[in-house]
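>>> Let's see this in three dimensions:
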Amino acid sequence: MTGQTSWLDQARDAHRRGDVEAEAAALDSAIRADRGNIAAMLAMAELKRRLQDDRAAGSFYRLALGTAAQARSVPPALHSGLRRAEEYLATTERAFADHLLGQLRNAGIDQRGATPRVAEALRMLAGEQPLYVQQPSMFYFPGLAQRGFFDRAEFDWVPAVEAATDAIRKELLALIDAASDRFGPYVTASPDRPPPNNPLLDKPDWGAAWLWREGVVADDMADLCPQALAALAKAPQPVIPGRAPLALFSRLTPGTHIAPHHGMLNTRLICHLPLIVPEGCGLRVGAETREWREGELTIFDDSFEHEAWNRGTSDRTVLLFEIWRPDIDADEREQLTRIFSAIDSYSES
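Just a heads-up that it's a prediction; the model follows:
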């Protein structure tokens, strides 16, 4: 008799006798002996359902689904049980959320009356909102506040940059009207690297006209866009040889969607000065979606999952640049600058 048959026969025999403790013991032994025994996990979840222990049933269903997700293959005989697990969890999680929110409403606490952070916590607890956190693709700096968007009023340099909006827009329009188009695809491939898996690769749909690139002012931009460069000088941009400052006019053509993704670093914030914004354009960072307003800076942490779109009928263009996060002090900025320079110098050695 195989181990599989042994635990299964023991559990079935105990079930026929109505011996719940023996049935649970047989299933527990099978799960402990084989952490990949999805069948035993599903059987234990069903037992807990019969006993009306919904929280325990949900725990074993989640264990079964998680194990199946990591398995190389799952026997077809278990597929129906896994679908049943998904349906059960969806139902019980909704029931739990309704119960919880009902209890809180009776106590005078709900999402409308709660503080913003408590309301967000309730949405996540109720399964209405995923948990979004910083997930930079290249470098993570610990201990920073988990905030998607930052308030313009927190930065004393913002009014001076926003005051230059009209002058910067005129420079942008002059670039657009010039005989030689300064815009090229934002997403490109390096000749000695694999191309990124991005549907916008080498497409003009997301266009870039660089002002600062790899730490130097782009060709002719000092003459073509002096007002833009003067405004950028008022912001606390990182200065890292070969890397920063970084600034560009970022253009999205109608119908363009920048798919959800994460930025490389959480040591910076991305700033958008909206210059030309038709209706139907938006930016989501984490769980929050905002629309751009011409002349009002949007400041966000791009190490959160974020996406952007232009569902309008004309181009959307912003001045995009990066700044140091305000919660990184001067000593840390200097040390981070050395770290990033050392990283970049490795490819040169």
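>>> burial measure for residue 198, as a count.
Residue 198 has 16 neighbouring residues, counting by other C-beta atoms under 10 Å. Every C-beta, even on glycine, is put in place using the N, C-alpha and C of the backbone.
>>> Could you do the one 3 residues further on as well?
For residue 201, the number of neighbouring residues by other C-beta under 10 Å comes to 14.
>>> Now do whatever helix or strand residue 26 lives in, average pLDDT.
Secondary structure from DSSP states H and E places residue 26 in helix 20-33. Taken as a whole, helix 20-33 carries a mean pLDDT of 91.
>>> next helix or strand past it?
Assigned by DSSP H and E, the successor of helix 20-33 is helix 38-50.
>>> Point out the other helices and strands that the helix or strand just after that following helix packs with.
Next in sequence after helix 38-50, counting helices and strands by DSSP H and E, comes helix 54-70. On a contact count with 3 or more C-beta pairs under 8 Å, 6 or more residues apart in numbering; DSSP states H and E, helix 54-70 meets helix 38-50, helix 79-106.
>>> just for this protein, where's the confidence low?
Scanning the chain for pLDDT under 70 picks out 1-5, 107-113, 179-180, 192, 347-349.
>>> all helices for it, in order.
3-17, 20-33, 38-50, 54-70, 79-106, 116-125, 158-162, 165-177, 221-224, 226-232, 330-346 (DSSP state H).
>>> Throw the helices and strands packed on helix 54-70 into CSV and include distance to residue 62 and mean neighbour count, thanks.
Conversion of the helices and strands packed on helix 54-70 to CSV gives the following (distance: least, C-beta to C-beta, whole Å; neighbours: other C-beta atoms under 10 Å):
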stretch, distance to residue 62, mean neighbour count
helix 38-50, 9, 22
helix 79-106, 7, 14
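>>> Can I get the ones you listed in a markdown table including distance to residue 268?
Formatted as a markdown table, these follow (distance: least, C-beta to C-beta, whole Å):
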| stretch | distance to residue 268 |
| --- | --- |
| helix 38-50 | 44 |
| helix 79-106 | 36 |
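>>> Looking at those helices, which is nearest to residue 200?
helix 79-106 (33.5 Å; C-beta to C-beta).
>>> circling back: which stretch among the helices of the chain comes nearest residue 146?
With respect to residue 146, and counting by C-beta to C-beta, the nearest of the helices of the chain is helix 116-125 at 10.8 Å.
>>> Compute the inter-axis angle for that closest one and helix 79-106.
Helix 116-125 and helix 79-106 meet at an angle of 150 degrees, taking axes from the mean of the first three to the mean of the last three C-alpha atoms, to 10 degrees as the criterion.
>>> Same question for helix 116-125: list its buried residues.
Judged by neighbour count (16 or more other C-beta atoms under 10 Å), helix 116-125 contains these buried residues: 120, 122, 123.
>>> ok, these vs residue 151, which is closest?
Out of the buried residues of helix 116-125, the member with the shortest distance to residue 151 (by C-beta to C-beta) is residue 120, at 16.1 Å.
>>> Quick one: the buried residues of helix 116-125 as CSV, columns for distance to residue 227 too.
Below are the buried residues of helix 116-125 laid out as CSV (distance: C-beta to C-beta, whole Å):
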residue, distance to residue 227
120, 39
122, 46
123, 42
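>>> just those now: which is nearest residue 99?
The closest of the buried residues of helix 116-125, once distances to residue 99 are taken by C-beta to C-beta, is residue 122, at 12.8 Å.
>>> right, and the closest one touches residue 101 too?
Yes - under the criterion of C-beta atoms under 8 Å, residue 122 makes contact with residue 101 at 7.1 Å.
>>> Give me the residue at the spatial middle of the protein.
By C-alpha atoms, centre = their mean, the chain has its centre lying nearest to residue 305, at 1.5 Å.
>>> That one: what's its closest spatial neighbour, skipping adjacent residues?
Ranked by C-beta to C-beta, 6 or more residues apart in numbering and with sequence neighbours excluded, the top spatial neighbour of residue 305 is residue 260, at 5.1 Å.
>>> just to revisit the earlier point, and residue 32, which of the helices and strands packed on helix 54-70 is closest to it?
Nearest to residue 32 among the helices and strands packed on helix 54-70 is helix 38-50 (9.4 Å), distances taken as C-beta to C-beta.
>>> Which neighbouring elements make contact with that closest one?
helix 3-17, helix 20-33, helix 54-70, helix 79-106.
>>> how about those in CSV, adding distance to residue 186?
Formatted as CSV, those follow (distance: least, C-beta to C-beta, whole Å):
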stretch, distance to residue 186
helix 3-17, 55
helix 20-33, 50
helix 54-70, 34
helix 79-106, 39
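>>> between the ones you listed, which gets nearest to residue 182?
Closest approach to residue 182 among the helices and strands packed on helix 38-50 (C-beta to C-beta): helix 54-70, 47.0 Å.
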